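# sequence below, structure please.
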Amino acid sequence: MLRVGLTGGLACGKSEVAKMMAARGAEVIDADAIAHDLMRSGEAVYAEVVRHFGKEIVDPDGQINRAKLASAAFADGKIAELNRIVHPAVIARQQQWMDTVGAKDPHAIAVVEAALIVEAGVNGRFDKVVVVSCGSEQKVERYLSRLVLRGGTWAPFDPNAARAEAQKRMAAQLSDEEKIKAADFVIDNSGWMEQTEKQVDKLMRELRALEANNFRRKSGSQ
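Coordinates of the predicted model:
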């Protein structure tokens, strides 16, 4: 099995790349979805997050409002504190998932999609790291578009506040240039979707070749 970390900055399109990889046979898990599950009421991570950030982030149904949590963490400069609470549990769950995938299919390409692989210093847990990249202004515009269209419906929002929020979130992450230094592969997602698709086709061919070579080496075959 080949363990692949898929990362990139805010609104770079890594989720779209993850979908493309899954469509080409990769096993994919989203670290953000793992974090979402861990922050459900009743989980240990939930209790610690609420204790640290206050009951103001909790909705009437008892669940954490992730938008309120993000605003509190980024606005108060406490994103590192939030990561300190959540990351260990997310990493442990990722490891469990990869072990399960490998037991089921020794030839699998197991992809973990996560925004902070490099920042969290966990890139060493993967055989290969893929960084999805695009321009800074593209990221901001894509982030704004995501806010405008929420849940398939148009939603009112303050463009100036949203742009400031995007800049704040980008500042909390490493630049693409820094991420690329830790990358084995780079997907340039600044162009048309068809161009990204072609890059993913090439990426998957190379990952499968690497997995085959690793398997032969481990099995001692020629």
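# quick one: average pLDDT of the strand or helix carrying residue 99?
Per DSSP states H and E: residue 99 is located in helix 79-104. For helix 79-104, mean pLDDT is 94.
# could you do stretch 176-188 as well?
Averaging pLDDT along stretch 176-188 yields 97.
# buried sites along that stretch?
176, 179, 180, 182, 183, 184, 185, 186, 187 (16 or more other C-beta atoms under 10 Å). For glycine as for every other residue, the C-beta is placed from the backbone atoms N, C-alpha and C.
# swap in stretch 29-37?
Quick answer for stretch 29-37 (16+ other C-beta under 10 Å): 29, 30, 31, 34, 35.
# with stretch 199-209 instead?
Buried residues in stretch 199-209 (16+ other C-beta under 10 Å): 199, 200, 203, 204, 207, 208.
# and the residue nearest the centre of the chain, what does it touch?
Nearest residue to the geometric centre of the chain (C-alpha atoms, centre = their mean): residue 114, 2.1 Å. Residues near residue 114 by C-beta atoms under 8 Å, 6 or more residues apart in numbering: 5, 6, 7, 30, 31, 32, 90, 94.
# just the closest of the buried residues of stretch 199-209 to residue 63, please.
Checking these against residue 63 with C-beta to C-beta, the nearest one is residue 200 at 34.5 Å.
# which helix or which strand is home to the closest one?
Per DSSP H and E, residue 200 falls inside helix 193-219.
# which strands and helices sit next to that helix?
With contacts taken as 3 or more C-beta pairs under 8 Å, 6 or more residues apart in numbering; DSSP states H and E, helix 193-219 sits against strand 2-8, helix 14-23, strand 109-113, strand 128-133, strand 185-188.
# which strands or helices does the last one pack on?
The reference is to strand 185-188. strand 128-133, helix 193-219.
# residues touching the closest residue to residue 188 other than its chain neighbours, list them.
Closest residue in space to residue 188, ignoring its immediate chain neighbours: residue 133 at 5.7 Å, by C-beta to C-beta, 6 or more residues apart in numbering. By C-beta under 8 Å, 6+ apart, the contact set of residue 133 is 8, 9, 12, 176, 179, 180, 186, 187, 188, 189, 190.
# let me know the pLDDT of the residue nearest to residue 200 when sequence neighbours are not counted.
Leaving aside its sequence neighbours, residue 200 sits nearest to residue 20 (C-beta to C-beta, 6+ apart; 4.3 Å). pLDDT for residue 20: 98.
# also residue 146?
We have a pLDDT of 79 for residue 146.
# and the gap between it and residue 28?
20 Å (C-beta to C-beta, to the nearest Å).
# more neighbours: which of those two?
Ranked by neighbour count (other C-beta atoms under 10 Å), residue 146 and residue 28 place residue 28 first, with 20 against 13.
# please report phi then psi for the more buried one.
Residue 28 adopts backbone torsions of phi -130, psi 140, taken as degrees, to the nearest 10.
# for it, which residues make a bridge with it?
Taking DSSP bridges, one obtains residue 111 as the residues bridged to residue 28.
# what about it, distance to residue 98?
11 Å.
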